[in-house]
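Student: Below: sequence and its predicted model.
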Amino acid sequence: MTPEERLAEIQHELAARNPENRIDPTLDRIRAACELLDDPQRAYPVIHVAGTNGKTTTSRMIETLLREFGLHTGLMTSPHLHDERERIRLDGEPVEIERFIAAYEELQPYLGLIDQRVGRLSYFEVLTLLGFAIFADAPVDVAVIEVGLGGEWDASNVVEPLVTVITPIGMDHQDYLGHDLASIAAAKAGILKPAAVPVLARQELVAAEVIAARCAQLGLPMVREGVEFGIAQRTLAVGGQLLELQGLGGNYTDVMLPLYGEHQASNAAVALTAVEAFFGAGVMHHARDFAEEGQAPAAWVGIEDPRPLDLDLVRAGFLNVTSPGRAEVVRRSPTVIVDAAHNPHGARALANTLASEFDFRHLVGVLAILADKDVRGVLEALEAVLDEVVITRNGSPRSGQVEQVARVAAEVFGEERVHTAPDLAAATAYATQLVDTHAGDGGLGIVVTGSVVTAAEARALYGRSTA
């Protein structure tokens, strides 16, 4: 059996477990499994990242910066675009097939024990365990761990981080996290822990109040975007944007970020500050001592004694940042952009980026949205920037039915602006025909969005099969 065939078998076994969009609010299974494996998640320092949107990109930025500073890194993100191995990265690269297989086969007997004694582990829990074990075995100097869903009950929340990061919070996964922003923020604030420095992106007032209350309860000094750090200046540039970032240790000038959108500049500010926090005075050496004593340090991370990072390394790190499927240009003439926006919060960020960073005269949207998402909210967020839309479906069994989504789209856009196609390949071809009718006008574009699955399939259609 070839490694590829064995990997396919493992992927089939993983898929037979409960999917990651279905959670059972308990950490009992993952804790028991970690204890059985001698707690691999404690073998390295951790930066833990939660939020609604931007957490994958922010995690990738943090990891890239840490690697630029010479550290051996582990990065765990979700969901993947093309292959589960993308979720578990060593020094920026997806874990090798052979290492992935070996780690899974070593875990298999333990998985069976937990399945029988505590409860059947989910797809996400098994992948999380795999990441913990692979990082411990490597070994890595630091792991950046992204939350899968929520925070408090997420399988990743068994880590003991030195830094916690919360990116912007919006409405998503209401069936599990609550039907109001305060409840969702409370779930995500569940990653905050004593001795872990909280680096907080700018939030809506309700979410900010919930997080502030949790920090006060734990005695944590907050490190907030717009107060302790932020974007000092942002200028559009060819291939991205040029930034001046205000960090804890001072201003970092002439930082080229090869990503589009003000939200990505915000992600960069958060990532930079998280790295400053990680390298901050006393954090790496003393945080665990405070945790063991049940105390929180009175002053952390350069809040009183800021230490700037090497500017050249910061610049080099951000220049190497990639974020596949996030306002990613995959073709020119016409310009085709792929984005994984799957909720109104993400769709609004995409709409702002399309309006501010590009000069489209006619823009067609290809939309395949999962049925359990806020379909109307996504459509309404994009209506002002799209001239026409082609409603379709992706390969997920959760994908919304074309006719049902199209009816909602007609209410939002008007019937004359709405078209349909049976699948993503047909939809992108149709969208190309629509923009071709405006040939000669210039400023023509297509944006394919609606879910991570949509983004992955669109990337593959345009020859981008790795992330």
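Tutor: Yep, that arrived. Numbers count the residues shown, from 1 in each chain.
Student: Can you classify Ile134 by secondary structure?
Tutor: Reducing the assignment at Ile134 to three states with DSSP: H, G, I helix; E, B strand; the rest coil gives helix.
Student: got a list of what it touches?
Tutor: Ile134 sits next to 74, 88, 90, 95, 99-100, 103 when contact means C-beta atoms under 8 Å, 6 or more residues apart in numbering. (Each C-beta comes from the backbone N, C-alpha and C, glycine too.)
Student: if you set the cut-off to 10 Å instead, what comes out?
Tutor: 40, 74, 76, 88-90, 95-96, 99-100, 102-104, 107, 140, 143 (C-beta atoms under 10 Å, 6 or more residues apart in numbering).
Student: Would you mind listing which of these are buried?
Tutor: The neighbour count (16 or more other C-beta atoms under 10 Å) marks 40, 74, 76, 88-90, 95, 99-100, 103-104, 107, 140, 143 as buried among those.
Student: Need these in a markdown table (columns: pLDDT, secondary structure and distance to Ala208).
Tutor: Below are these laid out as a markdown table (pLDDT from 0 to 100; DSSP: H, G, I helix; E, B strand; the rest coil; distance: C-beta to C-beta, whole Å):
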| residue | pLDDT | secondary structure | distance to Ala208 |
| --- | --- | --- | --- |
| Pro40 | 97 | helix | 34 |
| Gly74 | 98 | strand | 30 |
| Met76 | 98 | strand | 27 |
| Ile88 | 98 | strand | 32 |
| Arg89 | 98 | strand | 31 |
| Leu90 | 98 | strand | 35 |
| Val95 | 97 | coil | 37 |
| Arg99 | 97 | helix | 41 |
| Phe100 | 97 | helix | 39 |
| Ala103 | 97 | helix | 39 |
| Tyr104 | 97 | helix | 41 |
| Leu107 | 95 | helix | 40 |
| Val140 | 97 | coil | 33 |
| Ala143 | 97 | strand | 28 |
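Student: now, among the residues you listed, which is nearest to Asp374?
Tutor: Top of the list for closeness to Asp374, among those and by C-beta to C-beta, is Met76 at 27.0 Å.
Student: I'd say the closest one and Arg89 touch.
Tutor: Yes - judged on C-beta atoms under 10 Å, Met76 makes contact with Arg89 at a distance of 7.6 Å.
Student: residues shared between the contacts of the two?
Tutor: The contact sets of Met76 and Arg89 overlap at 59, 63, 131, 134-135, 143-144 (C-beta under 10 Å, 6+ apart).
Student: follow-up on the earlier one: any chance of the buried ones among the contacts of Ile134 in a markdown table, with distance to Glu204 too?
Tutor: As requested, those are exported to a markdown table (distance: C-beta to C-beta, whole Å):
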| residue | distance to Glu204 |
| --- | --- |
| Pro40 | 36 |
| Gly74 | 32 |
| Met76 | 27 |
| Ile88 | 32 |
| Arg89 | 31 |
| Leu90 | 36 |
| Val95 | 36 |
| Arg99 | 41 |
| Phe100 | 39 |
| Ala103 | 40 |
| Tyr104 | 40 |
| Leu107 | 40 |
| Val140 | 34 |
| Ala143 | 30 |
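Student: Going along the chain, name the helices of the stretch 1-150 of the chain.
Tutor: 3-15, 28-36, 55-68, 97-117, 123-137 (DSSP state H, counting those that start in this stretch).
Student: nearest to Ala455, of those?
Tutor: Proximity to Ala455 (C-beta to C-beta) singles out helix 55-68 among the helices of the stretch 1-150 of the chain, at 11.3 Å.
Student: Compute the number of surrounding residues for Val390.
Tutor: By other C-beta atoms under 10 Å, the residues close to Val390 number 27.
Student: so it, which of the three states?
Tutor: strand.
Student: just checking, it touches Phe413?
Tutor: No - Val390 lies out of contact with Phe413 (C-beta under 10 Å); the separation is 11.2 Å.
Student: Give me the common contacts of those two.
Tutor: 365, 406.
Student: do you know which of the helices of the stretch 1-150 of the chain lies nearest Ile231?
Tutor: Here helix 55-68 is closest among the helices of the stretch 1-150 of the chain (C-beta to C-beta), at 13.8 Å.
Student: got the residue ranges for the strands in the stretch 101-250 of the chain?
Tutor: With strands called from DSSP state E, counting those that start in this stretch, the stretch 101-250 of the chain shows them at 142-146, 163-166, 197-200, 223-224, 230-237, 240-247, 250-257.
Student: for the last one, which positions count as buried?
Tutor: Okay, so that is strand 250-257. 252, 255-257.
Student: lowest confidence element among the helices and strands of the chain?
Tutor: In the chain, no helix or strand scores lower on mean pLDDT, DSSP states H and E than helix 283-293, which sits at a mean of 43.
Student: I'd like the next helix or strand past that one.
Tutor: Downstream of helix 283-293, the next assigned helix or strand under DSSP states H and E is helix 311-319.
Student: Can you give me the buried ones in that following helix?
Tutor: 314-318.
Student: What is it packed up against?
Tutor: If you count contacts as 3 or more C-beta pairs under 10 Å, 6 or more residues apart in numbering; DSSP states H and E, helix 311-319 packs onto helix 55-68, strand 240-247, strand 250-257, helix 262-279.
Student: 8 Å instead, please
Tutor: helix 55-68, strand 250-257 (3 or more C-beta pairs under 8 Å, 6 or more residues apart in numbering; DSSP states H and E).
Student: Between these, which one is closest to Asp310.
Tutor: Comparing those by C-beta to C-beta, helix 55-68 comes nearest, at 9.0 Å.
Student: quick one on the thing from earlier: show me which of the buried ones among the contacts of Ile134 is closest to Asp436.
Tutor: Of all the buried ones among the contacts of Ile134, Arg89 has the smallest distance to Asp436: 39.1 Å, by C-beta to C-beta.
Student: who's that closest one bridged to?
Tutor: Here Arg89 sits in beta bridges with Leu75, Pro94, as judged by DSSP bridges.
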